[in-house]
Each structure stands twice: as structure tokens, then as C-alpha cells.
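A.B. asks: Output the structure for:
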Amino acid sequence: MTESPAARHHREQQAGSLTTGSHILLPDGRRTAEIDQVELEHDDFGSPALVLASLSGGGTLRVAIGTMVTVVDGTHDDVTQLPLPAALPEATPPVEAGAPGGGLQEQPGVGTGPVVVTPAVVVPPLPPVPPAVSGPSEEELALIPVSDGTPESVVEAAAEAHADAEGVLLLADRLSKGVNFKSGSCLKDLSDLAHELFVTLKDAEGALSVADLITVLPYDGNPGRWSSIEAALALASYICRQDGQDERAGVYEKLIRTPENQETDPFKARMAAKVRQRSLNEPNLYDKEIFRSIDNSNHDAEREWRLLRLESLLFLRAHGGSETIGMSELERRISNELEAVRS
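C.D. replies: Residues are numbered from 1 along each chain as shown. Presented below is the predicted three-dimensional model:
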């Protein structure tokens, strides 16, 4: 039985306050749908920007966080035909096909005024989106050698090879207490040690052996932990490319794209791809900070900012460049930064 209009109470509320089970008036102004699930999409500043309301009848409704929507109280089907506003019956009625002189349909149980009955149409769900990049195969992963010793022995070997390098000794001392791959600070120390070996000491082999302690770790959804693994992957890719190990470099480059394969929701996958491409096209290369350090003759600060710029460039290099910075330009910039920080 169709619920009477009198039993329905309409109220306005912001889209950001919608919850599971709410019945809302759809954009066509005629139908309602029950919300099966609500998710929030954040903007680049981390603030809620878009409500993704999955409808129990199928499909997803996208609403800006501050938009006022009509919530219909009462019991409804997943998709329910609502009467048109009272002003609509005064408009010129449509002519029914085959009816002499035209005619009007009346909606049963909705007063005496003539209204047009429009068939309910369920919003179809978005088609699935295939992963942007497939992960490396077992054969490809086999190109990354497994260390014969323990992680601690790899760190100790690096320290012994550079017994007079203060930066290496400080990092090795912290890691000598035990390498814990579940610790974000430990992952950061390993990534920093690999960069110190390659960038400062030009020890590509030692840097690669340390980096490989964490390059094979899986993506667990933690951005803080992944940033250290990501930096090690970018460094390993560059070292292998310079050494002519293109196949091995390709494995690192596939691994660095692992987060791109995690999202299964088609809309979220498309949004993430747009955000990712924007970050590649507009990377933070710390130009203002470097120029400020140069103006203040602060060479230590300049070197630290240049190291961060180098990491950004290596990350872009592992992704094959971007729409704004090509590979040849990246190679030139990376060489310049290496020369600057090594001098």
C-alpha cells in the first residue's frame, strides 16, 4: 500500500549529517531512496568535501558536504514514487498517446488533482574500474636478491665499510639495537641510511643492500610507514637504472605503485587517480626554502632542503615523470641535486 502524503514529513538537513537508513528526496524531485551506506571524500587539505551515499536500490549519490537535502520521514520502499508539488497540476498537462483530445492520469491515493506518473528509475551503479597498474609477478620479484644475513648484519656491514662516516654511524647505532619492520621510525632510519650511503658516500651497492631490507615490504595502508618504503623504492629504482639493471628497476617501479591498486570503489579510484596525477604534475620541490637558505648563507639548511627535493625528484623518476616534467628533465635535475649535496 502506498503511504499517504500526510504521513510523510519532509525536512531539510545538510548532506554531511546524513546517516545509514535515511530516506532522501532524489534530485529529480519525485522519488526517494534509502541510504545504505555513507562515506566522506576529503579534499587535498584533509577536510570533508563530498558525501558518497550508496543507495539500497543501487548506485551512488554524490552530494557536496554543505548541500541541503530533503529527508523524508516515514516507512518507504527503497525507491518510492512521490507526488509532484502542488503547483505542477496547474501546468499544461501532457497529451496521452492514443487518447482523443489528450487526457490526464491520476495517481491512486494522492488526492484528486491530476499528476503525471513517471516510472521509477534506479540509478545504476558505476562500472568497475580495472587497476591502474598490476603488481610484479613472482618471477619479477625474484630479481630482488634476498640478503644472506640478518637485517642487523647488513647494517653492521655498511657501518664497517664507512667507519669514519658520522651520519652512517649514528643511524647504524640506532639500528644495532634491533631492526623492527613494524616500527615507522625504524623504517625511516633504514631509508635514511640507504640515502646516506648513496647520496653522500656514493656507495650504490651498499645503499641498495640496505634499501632492499624494506623495498619488499607490503603496503599496509599506513601513509607514515609507506613513505619510508616509497623513498627506498625510488632510490633503488634510480640506482638500478644507472647501473643498467632495467628489469630490476621496473620491479621497484611497479612496487611503488602498489597503493594505486588498493581502491576497489570505481568513483574513489577515479578521484584518487586525479589527485595522484595532480601531485605528480605539481610536486613540492622546496624552491622557496632553498632560495631562503641561500639568501641567509645557511648551507646546512640548504643541503637538508635539497635532500628533500632530491627525494621528490627520485619519486617522480620512479613514476616515469609527469605531464609537466619529462624524464630527460628529471635526469638533469637529479644530477644537479646530487652534485649540489655532494659538494
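A.B. asks: which residues of the stretch 51-200 of the chain fall in strands?
C.D. replies: Taking DSSP state E, counting those that start in this stretch to define them, one finds strands in the stretch 51-200 of the chain at 60-64, 68-73, 79-81.
A.B. asks: tell me, what residue is most central in this protein?
C.D. replies: The centroid of the chain falls nearest to A272 when counting by C-alpha atoms, centre = their mean (4.2 Å).
A.B. asks: separation between that one and E156?
C.D. replies: Distance, A272 to E156, using C-beta to C-beta, to the nearest Å: 40 Å. All C-beta spots, glycine's among them, are computed from the backbone N, C-alpha and C.
A.B. asks: Could you list the low-confidence segments of this protein?
C.D. replies: Within the chain, the stretches with pLDDT under 70 are 1-9, 44-46, 57-58, 74-134.
A.B. asks: follow-up on the earlier one: between the strands of the stretch 51-200 of the chain, which gets nearest to E12?
C.D. replies: With C-beta to C-beta, the closest approach to E12 among these belongs to strand 68-73: 4.9 Å.
A.B. asks: would you put the C-alpha positions of the closest one in CSV?
C.D. replies: The C-alpha trace of strand 68-73 is given here as CSV (Å, rounded to 0.1, in the frame of the first residue of the first chain):
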residue,chain,number,x,y,z
MET,A,68,20.8,21.0,1.9
VAL,A,69,18.9,17.8,1.0
THR,A,70,15.3,16.8,1.7
VAL,A,71,14.9,14.0,4.2
VAL,A,72,11.5,12.2,4.1
ASP,A,73,10.5,10.6,7.4
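A.B. asks: mind listing what's buried in stretch 277-295?
C.D. replies: Going by neighbour count (16 or more other C-beta atoms under 10 Å), the buried part of stretch 277-295 is L280, P283, L285, Y286, E289, I290, S293.
A.B. asks: With stretch 150-164 instead?
C.D. replies: P151, V154, V155, A158, A159, H162.
A.B. asks: ok, and what's touching it?
C.D. replies: 147, 149, 168-169, 171-172, 175-176, 178-179, 181, 190, 193, 197, 201, 203, 206, 209-210, 213 (C-beta atoms under 8 Å, 6 or more residues apart in numbering).
A.B. asks: follow-up on the earlier one: most packed of the strands of the stretch 51-200 of the chain?
C.D. replies: For these, the largest average neighbour count (mean count of other C-beta atoms under 10 Å) is found in strand 79-81, namely a mean of 19.
A.B. asks: Span of stretch 253-264 from start to end?
C.D. replies: One end of stretch 253-264 to the other measures 21 Å (C-alpha to C-alpha, to the nearest Å).
A.B. asks: Tell me how far it lies from the chain's centre.
C.D. replies: 10 Å (C-alpha atoms, centre = their mean, to the nearest Å).
A.B. asks: going forward, begin numbering at 12 instead of 1
C.D. replies: With 12 as the first residue, the last one maps to stretch 264-275.
A.B. asks: So which bits of that stretch are buried?
C.D. replies: With burial defined by 16+ other C-beta under 10 Å, the residues of stretch 264-275 counted as buried are E264, K265, L266, I267, R268, T269, E271, N272, E274.
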